[in-house]
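Peer 1: Pasting the sequence and the predicted model now:
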Amino acid sequence: MVTPLEEEVLGIAQLYRDRAEAENVFDELKNQWGWAGFTTQDQQRCQILARIVALIYNWWSLFTRLAIPNRHTEATTSRPLLLHGIGRQTTHGNQTTLTITSNHAQREPIQRALEDVSHLLQRLVQTA
């Protein structure tokens, strides 16, 4: 490799991995989140839809990073992992509780991850 960078070999390798990770985000948006193109010729509607998809992708990425903090998970693996559950909302004494029962084969690690997210959100609400 020829480069004008004054980095060591390991630094250049890390820059290459960072670039690949950034490209993976666009690949995931295009192939798994529907950003491959829209059928309408109306520019305004295309922009609105693209922004909605980007917003939902960002929300999902934040949620999965909270649930699985040590690595990035793509939608093809994280959606079945975290969405195969049945939720029930109950309200009692002006307190609302959301109970999620996972029917995924890996329900125990998923339960721990969702409990961690729940505790984090509860701490954020208490400090606000």
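Peer 2: Received, thanks.
Peer 1: For residue 75, see how far away the most centrally placed residue in the chain is.
Peer 2: What sits nearest the mean C-alpha location of the chain, by CA atoms, centre = their mean, is residue 61, with 1.8 Å. Relative to residue 75, residue 61 is positioned 9 Å away (CB to CB, to the nearest Å). For the C-beta atoms, the positions are set from N, CA and C on the backbone; glycine is no exception.
Peer 1: which residues touch stretch 23-34?
Peer 2: With contacts defined as CB atoms under 8 Å, 6 or more residues apart in numbering, stretch 23-34 is touched by 35-36, 53-54, 56-57, 72, 74-76.
Peer 1: oh, I was asking about stretch 37-52
Peer 2: In contact with stretch 37-52 (CB under 8 Å, 6+ apart) are residues residue 35.
Peer 1: Dump that stretch to CSV, keeping only the CA atoms.
Peer 2: The C-alpha trace of stretch 37-52 is given here as CSV (Å, rounded to 0.1, in the frame of the first residue of the first chain):
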residue,chain,number,x,y,z
GLY,A,37,-34.7,3.5,-3.9
PHE,A,38,-38.2,4.7,-4.0
THR,A,39,-40.7,4.3,-6.8
THR,A,40,-42.2,7.8,-6.7
GLN,A,41,-40.7,10.6,-8.8
ASP,A,42,-41.8,13.2,-6.2
GLN,A,43,-38.6,14.5,-4.7
GLN,A,44,-40.3,15.8,-1.5
ARG,A,45,-41.9,12.5,-0.7
CYS,A,46,-38.7,10.6,-1.4
GLN,A,47,-36.8,12.9,1.1
ILE,A,48,-39.4,12.5,3.8
LEU,A,49,-39.4,8.7,3.4
ALA,A,50,-35.6,8.6,3.4
ARG,A,51,-35.5,10.7,6.6
ILE,A,52,-38.1,8.5,8.3
